[in-house]
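S.K.: Sequence first, then the predicted structure, then my questions.
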Amino acid sequence: MSQKNETTVLLLALLLTLGLVGGVFLWLANTSGIRLFNARNNLSQPIKQAYAESFAQFSEVPSGLFSYGGSTTWAPIRKEVDTAIQTVFPRFQLRYTDPTTGAPGSGSGIKMLLNNQLAFSQSSRSIKDEEHQKAQQRGFTLKEIPVAIDGIAIAVNPNLNIPGLTVAQLQDIYTGKITNWQQLSGPNLPITPYSRRLEEGGTVEFFNENVLDGEKFGVNVQFIPTTTEALKEVAKNPGGLYYASAPEVVGQCSVKPLPLGRTSDKLVPPHKEPFIPLQECPQRRNQLNAAVFQNGEYPITRRLFVIVKQNGQSSDQQAGETYANLLLTEQGQDLISKTGFVRIR
């Protein structure tokens, strides 16, 4: 046999041997669980938190004391949900913090977040462009995570008999164009619209932007510092009128929620029907009609947000994202519904 043929045979034998050895090795690896390949590229991909039914199923909850603040609309959620979170995760400590000066609210909460006074904040309105700009100037960004649906309900004195209001009529009342209920087929009675001041909360800012279209409040508007005080005034004043978060109005015993509509032939009550007479309250209370908020039939709805500071996976960012994700679990959404707000998922 020539040297050339011998070389060819040897090469073929070598390749055959390597193939047999490789096959045996792969078979052993598959049956014994040996890792053959570096998994670094797979592990570097972002791992998304799986949707959890309950808080207890949630993983990677940060430890420490985290200050948060903001919207007064959120007060019922804080009372119900935060207690449940603390029970499951006692090391994830949450502390609501009021501003040093001025009233608490969505705007003051975002301001405190921008000034590094909070880990995250709660808001009843979206982040404004100027707030985004201030965050960028400070080297981070702001992210809003929607967790619930709310609506604006209109409270009037129980003795006022009108079928309801359109959004346009509500705008005309608060800008001073309509000043007597007689102009709306009601009694000859002056209208006294109440409001908190524009700088005192996200609800007022939302109302100004989305109902008044940025117009100024009329000179007829009387400013009251809190929703509790305003509702007391409406209960005493036959011509009184006030707007607030729907859960703060619908279940009240001393004021009546008005149906609202985009047009006068389609007025939608914010409560379930039939309306429960106020004389039966508090034994029986009117309940929020979640369906008309979810399907958009009710004309003035909004979302509630957790505002998170994004600055490179800091503990504050992790705390804000964790809080929002807990609220978006099935347990969190159930608790939000229990407080009178509407589930977002």
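M.R.: Structure received. Numbering: from 1, shown residues only.
S.K.: Can you tell me how far Ala75 is from Tyr96?
M.R.: Distance from Ala75 to Tyr96, counting by Cβ to Cβ, to the nearest Å: 9 Å. Glycine gets a C-beta too; all of them are placed from N, C-alpha and C.
S.K.: from what I can see Leu278 touches Lys256, true?
M.R.: Yes - Leu278 is within contact range of Lys256, at 6.8 Å (criterion: Cβ atoms under 8 Å).
S.K.: those helices in this structure, which residues are they?
M.R.: In the chain, helices defined by DSSP state H lie at 3-32, 40-43, 75-77, 83-88, 106-114, 129-137, 167-174, 202-210, 227-236, 246-249, 290-294, 315-327, 330-338, listed in chain order.
S.K.: ok, of these, where does mean pLDDT dip lowest?
M.R.: Across the helices of the chain, the stretch with the lowest average pLDDT is helix 40-43; it has a mean of 25.
S.K.: got the phi/psi numbers for Thr97?
M.R.: Per-residue torsions, Thr97: phi -130, psi 120 (degrees, to the nearest 10).
S.K.: Pull the CA coordinates from stretch 206-217 and hand them back as CSV.
M.R.: Listed in CSV are the C-alpha atoms of stretch 206-217, where the atom choice follows Å, rounded to 0.1, in the frame of the first residue of the first chain:
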residue,chain,number,x,y,z
PHE,A,206,-56.9,66.6,36.8
PHE,A,207,-60.3,68.4,37.0
ASN,A,208,-58.8,71.6,35.8
GLU,A,209,-57.1,70.0,32.8
ASN,A,210,-59.7,67.5,31.8
VAL,A,211,-63.0,69.2,32.8
LEU,A,212,-62.3,72.9,32.7
ASP,A,213,-59.8,72.5,29.7
GLY,A,214,-57.3,74.7,31.6
GLU,A,215,-59.8,77.6,32.2
LYS,A,216,-59.5,79.4,35.5
PHE,A,217,-62.0,78.8,38.3
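S.K.: can you offset everything so residue one is 14?
M.R.: Fine by me, first position is 14 from now on; the one you just mentioned is stretch 219-230.
S.K.: Off-centre distance for that stretch?
M.R.: Mean C-alpha position of stretch 219-230 versus that of the full chain (Cα atoms, centre = their mean, to the nearest Å) differs by 21 Å.
S.K.: How about it, which residues are buried there?
M.R.: For stretch 219-230, a neighbour-count test (16 or more other Cβ atoms under 10 Å) marks 219-221, 223-225, 230 as buried.
S.K.: Let's have the residues you listed in JSON lines, adding distance to Ala304.
M.R.: As requested, the buried residues of stretch 219-230 are exported to JSON lines (distance: Cβ to Cβ, whole Å):
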{"residue": "Phe219", "distance to Ala304": "22"}
{"residue": "Phe220", "distance to Ala304": "23"}
{"residue": "Asn221", "distance to Ala304": "28"}
{"residue": "Asn223", "distance to Ala304": "21"}
{"residue": "Val224", "distance to Ala304": "22"}
{"residue": "Leu225", "distance to Ala304": "27"}
{"residue": "Phe230", "distance to Ala304": "32"}
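S.K.: just curious, which of the residues you listed is nearest to Leu348?
M.R.: Compare each of the buried residues of stretch 219-230 with Leu348 using Cβ to Cβ and the shortest gap goes to Phe219, at 23.4 Å.
S.K.: Leu291 and Lys269: who's more crowded?
M.R.: Taking neighbours as other Cβ atoms under 10 Å, Leu291 and Lys269 compare with Lys269 leading, 22 against 17.
S.K.: residues in contact with that one?
M.R.: 168-171, 173, 291 (Cβ atoms under 8 Å, 6 or more residues apart in numbering).
S.K.: at 6 Å what do you get?
M.R.: Contact partners of Lys269, counting by Cβ atoms under 6 Å, 6 or more residues apart in numbering, are 169, 171.
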